[in-house]
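>>> no FASTA, just this:
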């Protein structure tokens, strides 16, 4: 595979003839794109590397089109000939979701959501004008086929994993009925498709949109539903209703005409349900199939979000099989499957995680329980074999990037976590006091250190358990 850093370095020279001061990998989300933040003096840029050429071309076309319309998206500054790498202006490193999580549901945060919806209406209408929908990544219009695809995505990647017995043909028939109803849109303009607070960047007091490459022509209410019913945001019903009404007023302003509010809200509610199901499908695919911890832990949020929607919205009588499935799915039985036990202040369990060098021997366990896990990291490519990493450790970002991008470390750790999670949950339920987990490599400096750090973070996030982390060979690291 083409080296992302080399590709970015070559492209960066076309917009800045000197070398950068720093370049840092930005954590990935759901896709395969790799993001980096470049810094030179007081200026920063965002570089993206991806081998999905079609997706890159779609994003670049949309970004250029929207920027020409004066819409709040980052400007693309350079693209390489292969279209695997592009550099764009940096619109900040703080998302609307992060502002919400930090500040809570304040008047300031409400104003940012309101501002985002105002800009959304402008993006949908002005961005639609003159847009070549032939450039879309997948479907050109969010119609019957796309809606059915979302419903089946939820079915195959989430519902079927629950092993619930249902009449499959009857459900497909009801899905076809739902897709017919939802595709009958009266508000077709540009549809962002993944309009959530994670894709809205806040810089200063302005908002900017990113990750709109999945857009197509479709119903305006869909994007509003995506933002207001995002599980992670957990907006109150009062905020949802007020922001929806504010959006309708803004949309009327940019359209220059009155909107049939009753018809708009009816379609909005249908899209809310569809969006909640599509998100559960994504959580199922990324979490249950790809074993990505972040998406697994998001499943309870998605289910509770769907439950709160069904408390205020009733499905049509024409879809009894689907209604029965949803009512079962949001019950405690399913929710408990995906809600792990979590420690409290009174939980006795303390997990000790060590990195160690096989040259120095295994760590000892002096607790009464003893036992635990020992994982050999020497099957993972050693960064210490390369001169630029020799005097660094698994605590340093260049080593972390190397292990994440150029080795099978992530696959290894996902398998490790599948094993240790079983024991952690059992020990939590039985009030055990201790568990030791050890990661060893040749020098106890790179691979084992990274694995220990990541595992400590995983267990703290998932189980809120007390963790004691030690790098036992730190005094002997090459410096």
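Cool, got the structure. A quick note: this is a predicted structure, and the numbers were derived from the prediction, not measured. Numbers count the residues shown, from 1 in each chain.
>>> CA only for contacts and neighbour counts going forward, please
Noted.
>>> So which residues make contact with stretch 135-151?
With Cα atoms under 8 Å, 6 or more residues apart in numbering as the test, stretch 135-151 has contacts from 54-55, 58, 61, 133-134, 175-176, 179-180, 182-184, 213-219, 274, 277-278.
>>> Return the set of buried residues in that stretch.
135-144, 146-148, 150-151 (16 or more other Cα atoms under 10 Å).
>>> tell me how far the ends of it are from each other?
One end of stretch 135-151 sits 24 Å from the other (Cα to Cα, to the nearest Å).
>>> Of the contacts of stretch 135-151, keep whichever come out buried.
The buried subset of the contacts of stretch 135-151 - by 16+ other Cα under 10 Å - is 54-55, 58, 61, 133, 175-176, 179-180, 182-183, 213-219, 274, 277-278.
>>> Which stretches in the stretch 101-250 of the chain count as strands?
With DSSP state E, counting those that start in this stretch as the criterion, the stretch 101-250 of the chain has strands at 188-191, 200-203, 206-209, 216-219.
>>> Identify whichever of those lies nearest to residue 251.
Among the strands of the stretch 101-250 of the chain, strand 188-191 comes nearest to residue 251, with 11.3 Å by Cα to Cα.
>>> Number of residues surrounding residue 403?
Neighbours of residue 403 under the rule other Cα atoms under 10 Å: 22.
>>> Residue 8 too?
For residue 8, using other Cα under 10 Å, the count is 22.
>>> That one - that's part of a strand, no?
No: read with DSSP: H, G, I helix; E, B strand; the rest coil, residue 8 is helix and lies in no strand.
>>> Assess the claim that it and residue 84 are in contact.
No: assessed by Cα atoms under 8 Å, residue 8 is found out of contact with residue 84, at 9.5 Å.
>>> For the two, list the residues in contact with both.
Common neighbours of residue 8 and residue 84, using Cα under 8 Å, 6+ apart, are residue 49.
>>> Any stretches of the stretch 101-250 of the chain with poor pLDDT?
Low-confidence segments of the stretch 101-250 of the chain (pLDDT under 70): 185.
>>> which residue ranges form the helices in it?
107-128, 144-157, 168-183, 220-228, 237-255 (DSSP state H, counting those that start in this stretch).
>>> relative orientation of the third one and helix 144-157 in degrees?
If I follow you right, that is helix 168-183. Here helix 168-183 runs at an angle of 140 degrees relative to helix 144-157 (axes from the mean of the first three to the mean of the last three Cα atoms, to 10 degrees).
>>> same thing with the longest one?
Taking the same axes, to 10 degrees, helix 107-128 and helix 144-157 form an angle of 130 degrees between their directions.
>>> cool, and the last one?
Angle between the axes of helix 237-255 and helix 144-157 is 150 degrees (criterion: the same axes, to 10 degrees).
>>> Show the subsequent helix or strand relative to helix 237-255.
Sequence-wise, the next helix or strand beyond helix 237-255 is helix 261-283, with elements assigned using DSSP states H and E.
>>> Can you name every helix or strand that whatever helix or strand comes next after that following helix contacts?
Remark: after helix 261-283, the chain's next helix or strand is helix 293-310, criterion DSSP H and E. Applying 3 or more Cα pairs under 8 Å, 6 or more residues apart in numbering; DSSP states H and E, one finds that helix 293-310 contacts helix 261-283, helix 332-337.
>>> what is the rounded mean pLDDT of the first one?
Same thing as helix 261-283. When pLDDT is averaged over helix 261-283, the result is 94.
>>> Pull out the buried positions in it.
Neighbour-count burial for helix 261-283 flags 264, 267-283 (criterion: 16+ other Cα under 10 Å).
>>> what's the closest of the helices and strands packed on helix 293-310 to residue 253?
Of the helices and strands packed on helix 293-310, the one closest to residue 253 (Cα to Cα) turns out to be helix 261-283, at 13.9 Å.
>>> to the chain's geometric centre, what's the distance from the closest one?
19 Å (Cα atoms, centre = their mean, to the nearest Å).
>>> Can you list the residue ranges for helices in the stretch 301-450 of the chain?
For the stretch 301-450 of the chain, applying DSSP H, counting those that start in this stretch gives helices covering 320-329, 332-337, 397-406, 409-429, 447-463.
>>> quick one, which of the ones you listed is packed in tightest?
Stretch with highest mean neighbour count among these: helix 447-463 (a mean of 21; mean count of other Cα atoms under 10 Å).
>>> Can you name every helix or strand that the helix or strand just after that one contacts?
Using DSSP H and E, the helix or strand that follows helix 447-463 in sequence is strand 466-471. In terms of contacts (3+ Cα pairs under 8 Å, 6+ apart), strand 466-471 is packed against strand 350-357, helix 447-463.
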